[in-house]
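Participant: Everything below, folded, please.
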Amino acid sequence: MQFSKNPILKNFGDLPQGEIPEPLKYNRPFQSTTLSNGIKVCTERSASGSASVGVYIGTGSRHDSLETAGAAHVLRNMLVRGTSSRSKADFATEVEQMGGRFEGNTAREQSNLSLTVHKGDLGKAVELLGDAVSNANIDAAELELYKQELSSEHDGNYRNYIETTLENCHFNSFRDHMLGQPVKGDPDKVQ
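Facilitator: This next block holds a predicted model:
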């Protein structure tokens, strides 16, 4: 019913084949460039005083096996816990000094890191994310520390009823496929 101007009770407002609703017809202009190394760069102009840059990696929890469940999530988090040129504290300090906002997410299909900063700091944001992805220093001690943090996070997850219910529904729908596995994995399975 949400897309049809005249919902029909019989089909609950399903769209006639070929009709695209007006709100979905709008496509913001953007530029897409593929670099020689295969990396795709998409840019979009904005009148805002801030800019966002993100790195999207085409791997998520569905790419983990039962033995490696949670690896995509752990790896994404380890990317910003130190590189060959900066420590975890240096990374956090540089983001803070720019007044930036860092976000990371691991979903079923992909993982991403993004920074939102003032437009004048966009070059620095690109450099920070590039360093995190290209020069990550996966330190054994830092990994052990993160495993403890992840274990504490999992201990508190049972209180998040909405997410827990949705994850359980998804698991029951896709239990025989990696799509059914929890997004964050089991911290005890991380090697």
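
Participant: residues contacting residue 119?
Facilitator: 48-51 (CB atoms under 8 Å, 6 or more residues apart in numbering). Glycine gets a C-beta too; all of them are placed from N, C-alpha and C.

Participant: 7 Å instead?
Facilitator: 49-51 (CB atoms under 7 Å, 6 or more residues apart in numbering).

Participant: out of the residues you listed, who's nearest residue 142?
Facilitator: The closest of the contacts of residue 119 to residue 142 turns out to be residue 51 (CB to CB; 29.4 Å).

Participant: Just grab the bridge partners of that closest one for me.
Facilitator: residue 117 (DSSP bridges).

Participant: Let me know whether it touches residue 114 as I believe.
Facilitator: No - Residue 51 is not in contact with residue 114 according to CB atoms under 7 Å; the separation is 10.8 Å.

Participant: helices and strands around the longest helix seen in the chain, which ones?
Facilitator: The longest helix of the chain (DSSP state H) is helix 140-157. Judged by 3 or more CB pairs under 7 Å, 6 or more residues apart in numbering; DSSP states H and E, the packing partners of helix 140-157 are helix 71-78.

Participant: Could you give me the buried positions within whichever helix or strand comes after the helix it packs on?
Facilitator: Next helix or strand after helix 71-78 toward the C-terminus (DSSP states H and E): helix 88-97. For helix 88-97, burial by neighbour count (16 or more other CB atoms under 10 Å) applies to 88, 91, 94-95.

Participant: Give me the residues contacting helix 88-97.
Facilitator: For helix 88-97, contacts defined as CB under 7 Å, 6+ apart pick out 80-82, 102, 115, 128.

Participant: So what's the predicted local confidence for residue 63?
Facilitator: Note on residue 63: pLDDT of 83.

Participant: what's around it, how many residues?
Facilitator: 15 (other CB atoms under 10 Å).

Participant: and residue 51 and residue 114? which has more neighbours close in?
Facilitator: residue 51 (20 against 17).

Participant: if I pick that one, what's in contact with it?
Facilitator: Per CB under 7 Å, 6+ apart, neighbours of residue 51: 117, 119, 122.

Participant: Likewise for residue 35?
Facilitator: Residue 35 neighbours (CB under 7 Å, 6+ apart): residue 41.

Participant: can you check the one 3 residues further on too?
Facilitator: For residue 38, no residue meets the contact criterion (CB under 7 Å, 6+ apart).
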